[in-house]
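# Pasted the sequence and its predicted model underneath.
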Amino acid sequence: MLTEPPPQSGRMARLTLADLSHALSGNERLLHEASERAMRHPAGRVALVLHLSRLAPPAPRPHHIRVARVLLQDSAQRFGGQVIGLRNQDLVLLGAESGAANADQPHAPVNLPATLARLFAADVPDPARLVSLWHLQTEAASLTAYLAERAADKPDEESSAGAAPESALSLAELQETLAHAPLPELMAQQTGMVLDADRRRPLDDRLTPAFRELSLSLAGLRLRPLVAQAVGDPYLYRHFAAALDTRLIQLLHDDLARSGRITRPAVGGLGAVHIELGLEAILSPAFARLSSLAQSAGVRLWVSIPFMPLCHDADLMDHARRILDLTGCAMIMNRVDALALAFLRQAAMSPSLIKLAWTRHLAEIAIGSPASHALAGIDPACLALTGVDSDQALIWGQARGIALFQGPFLDQIMAATRMAQCDSASLCTMRQCSSRATALGPSGRVGCANPGLLDTRFRAAS
């Protein structure tokens, strides 16, 4: 637990809280009012703060917030307390430190820090940075100081961490929206690049396009914030994506049949096309038709499957892999992060490519750990590093022999290269150029005065 400033009296803490009242809003004000009530009778009461705001991106993920909230709510119900979510994504539990029933003691607020430390060990190895636990009778000043920090938070940092999930009707509406959404407008692309190891050359001159990843982006639907957060959960997203798989397959089939703009760059073997599908979609007649047409057109089709679904159903995965072999499509194991590496069974799954998801945790893998051994046992030629957001990721990957990279940092390099050739570059920002090149639908490219450059490749893929 955190070591906090010296305690002040409960009376002084209440006065300070009252002074803060005008600066607080929303759930922060609720916390202020609940804290005042608790401090009137502080004996045996505690405040526990789960600092989700201290998790490094991409955390906190939606499931982090849900699981943590369930744990805290359960403790609050057992010990006469309440849980308040703040706009900086922290969760605060006010309640009794323990109770009379021995059976409930593992769920007591004073015992939660150890449970939460195990839950978030991968994202915050130091428990002292994750959880604060203050006994209000002696440490009321610490809660007051914390509230003062929250009063200084900017209004635009408002978070839905403390809000209840969107109603079932909203998700049903989303399902109906997806069933009729214009897929070409939701299509996005990202180019994976081969990075030459010769550091004497400029970075943009060392990059060669290797593949195009085609995907569906729900950003174009402009979802309500809570619905967007729910769909951000990988499992719920996969549920909705499964409903779109058949439509995506048909869209690519029709585009390929008429030599459309989406698939035209890949015809004749000029760079592979990566698409993400569920296992059930790979077994469908629609995919059989698409893969047959792709073979005839000389399109190298690689099918990406997220790591978790591959692990859930080994029999279905094995059957899908045989289907891909028969149709001449390569299999990609996607979204393998630092934690997944420890459970990776590469030999059993036999993917043609493994896409490692870059986060700081990859750089922190301990030598001799299961993840380190798994990484050392994979041929670097079978690895691609995705989510590359800085040169640090490139340096880490190249140090391990990885040559394939994909991510926003490379998108920005390509945007800078385009803008150096564009007469209208002064009208745009690099971010706008990068975003427009990623979009495949016409609406996503509005504002570009030289759209022909958006699909320009550095040079032909080798």
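Thanks, I have it.
# the strands in the protein, which residues?
With strands called from DSSP state E, the chain shows them at 45-50, 82-85, 91-96, 131-135, 187-195, 207-216, 272-276, 301-306, 330-336, 353-357, 383-386, 404-405.
# Mind checking those for the one nearest to Gln432?
Among the strands of the chain, the nearest to Gln432 by CB to CB is strand 187-195 (15.2 Å). Placement of C-beta: from N, CA and C, glycine included.
# Okay, angle between the closest one and strand 353-357 too, please.
100 degrees (axes from the mean of the first three to the mean of the last three CA atoms, to 10 degrees).
# elements contacting strand 187-195?
Strand 187-195 sits against strand 207-216, helix 391-399, strand 404-405, helix 408-421, helix 430-438, with contacts defined as 3 or more CB pairs under 8 Å, 6 or more residues apart in numbering; DSSP states H and E.
# what about the second one, distance to the chain center?
Centroid separation for helix 391-399 versus its chain: 20 Å, with CA atoms, centre = their mean, to the nearest Å.
# again with the longest one
Computed by CA atoms, centre = their mean, the chain-centroid distance of helix 408-421 equals 23 Å.
# Quick check: longest helix in the protein by residues?
Longest helix in the chain by number of residues, with DSSP state H as the criterion: helix 234-257.
# who touches that helix?
61-63, 174-175, 178-179, 183-184, 187, 214, 216, 218, 230-231, 260-263, 267, 275-278, 280-281, 284, 286-287, 289-290, 293-294, 297, 299, 306, 308-309, 335 (CB atoms under 8 Å, 6 or more residues apart in numbering).
# returning to what we had before: tell me which of the strands of the chain sits nearest to Arg418.
Across the strands of the chain, Arg418 has its closest neighbour in strand 187-195 (12.0 Å, CB to CB).
# any idea of the mean pLDDT for the closest one?
Taken as a whole, strand 187-195 has a mean pLDDT of 93.
# could the strands of the chain be laid out in JSON lines, adding mean neighbour count?
As requested, the strands of the chain are exported to JSON lines (neighbours: other CB atoms under 10 Å):
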{"stretch": "strand 45-50", "mean neighbour count": "25"}
{"stretch": "strand 82-85", "mean neighbour count": "22"}
{"stretch": "strand 91-96", "mean neighbour count": "24"}
{"stretch": "strand 131-135", "mean neighbour count": "20"}
{"stretch": "strand 187-195", "mean neighbour count": "21"}
{"stretch": "strand 207-216", "mean neighbour count": "20"}
{"stretch": "strand 272-276", "mean neighbour count": "22"}
{"stretch": "strand 301-306", "mean neighbour count": "23"}
{"stretch": "strand 330-336", "mean neighbour count": "22"}
{"stretch": "strand 353-357", "mean neighbour count": "22"}
{"stretch": "strand 383-386", "mean neighbour count": "22"}
{"stretch": "strand 404-405", "mean neighbour count": "22"}
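# Show the low-confidence segments of the chain, by residue range.
Low-confidence segments of the chain (pLDDT under 70): 1-27, 57-58, 62, 99-104, 152-174, 219-220, 222-238, 269, 345-348, 456-462.
# still on that earlier bit, now do the buried residues in the longest helix of the chain.
234, 236, 240-241, 244-249, 251-253, 255-256 (16 or more other CB atoms under 10 Å).
# quick one on the thing from earlier: now, of the helices and strands packed on strand 187-195, which is deepest in the fold?
strand 404-405 (a mean of 22; mean count of other CB atoms under 10 Å).
# helices and strands around that one, which ones?
Helices and strands touching strand 404-405, by 3+ CB pairs under 8 Å, 6+ apart, are strand 187-195, strand 383-386, helix 391-399.
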